[in-house]
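Asks: predicted structure and sequence below. I'll ask about it afterward.
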Amino acid sequence: MLFGKIEYLNLLPFHVFMKRFTRNSSAKMTMEYRKNVPAKINKKFLSRSVDAAFISSISAKNKKHVNLGIIAQKSVKSVLVIPSKNEIKDKESASSNLLADVLEIYGKVLIGDKALRYALSHKNYTDLAQVWFERYKLPFVFALLCYHKDKKLYTKIEKEFLKRKVKIPQYLLKKASTKTKIAPKEILSYLELISYELDAKARLGLAKFYKEASKVNKKS
């Protein structure tokens, strides 16, 4: 299986789970990763260079997916707009750039671990997920786990992942901290802001985003 791997902290619990799942699976699955930022993983998935991946929600529209996503219930601290004289999009992003347009918040879009580092040391930023919640009282779905085939397998992954709380080993937490320059306790606090189940309320949030995004696209 070729899996498009986004190495942001928000997917650390999922990757810990998948390492155990592939090792303990009755099929003794072998998984190869293609690592990159969200925008490039989107392209790899759409070109079928990978079999499955967490795809930015705007690119995942009408694609096969399970009920797993990267979801912010309120604030998220890793999808920001920071002050800038010019409007600057984040080249690593897809949904977040469009979300800024939907919310009509302009400046420099910053996503991922670099955004979290910024939020931990600055106060002059706008958390897009928080603004989305304040405006619509709905979660924001940043990405969905999409696949091209093997629905049964990904449905099993969904069920197994959601039924247990993944504990991140200390050595992996320290490794992630060293790589991102974010303290372990801050990583754990951040992960409390992330949800993964695409439940009924998250689906409403996703549908609302698609509706508002279509309005923006018509204007442009």
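Replies: Received it, and whenever you're ready, just let me know what you need.
Asks: next, count neighbours for Glu32.
Replies: 10 (other C-beta atoms under 10 Å). Every C-beta, even on glycine, is put in place using the N, C-alpha and C of the backbone.
Asks: packing partners of the lengthiest helix in the chain?
Replies: For the chain, the helix that runs over the most residues, judged by DSSP state H, is helix 200-219. With contacts taken as 3 or more C-beta pairs under 8 Å, 6 or more residues apart in numbering; DSSP states H and E, helix 200-219 sits against helix 57-60, strand 65-72, helix 95-103, helix 128-136, strand 140-147.
Asks: do you know which of those lies nearest Leu80?
Replies: Taking C-beta to C-beta, helix 128-136 is the member of the helices and strands packed on helix 200-219 nearest to Leu80, at 6.8 Å.
Asks: for the closest one, list every residue counted as buried.
Replies: Within helix 128-136, the residues that qualify as buried are Leu128, Ala129, Gln130, Val131, Trp132, Phe133, counting by 16 or more other C-beta atoms under 10 Å.
Asks: stretch 149-166 now?
Replies: Residues of stretch 149-166 classed as buried: Leu153, Tyr154, Ile157, Glu158, Phe161, Leu162 (neighbour count, 16+ other C-beta under 10 Å).
Asks: rewinding a little: in TSV, list the buried residues of helix 128-136 along with pLDDT and distance to Lys35.
Replies: TSV is the format used below for the buried residues of helix 128-136 (pLDDT from 0 to 100; distance: C-beta to C-beta, whole Å):
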residue	pLDDT	distance to Lys35
Leu128	98	25
Ala129	98	25
Gln130	98	29
Val131	98	30
Trp132	98	28
Phe133	98	31
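Asks: need those in TSV (columns: distance to His65).
Replies: As requested, the buried residues of helix 128-136 are exported to TSV (distance: C-beta to C-beta, whole Å):
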residue	distance to His65
Leu128	22
Ala129	20
Gln130	25
Val131	25
Trp132	20
Phe133	23
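Asks: returning to that earlier point: list just the nearest of the buried residues of stretch 149-166 to Ala39.
Replies: After measuring the buried residues of stretch 149-166 against Ala39 - C-beta to C-beta - the closest member comes out as Tyr154, at 22.3 Å.
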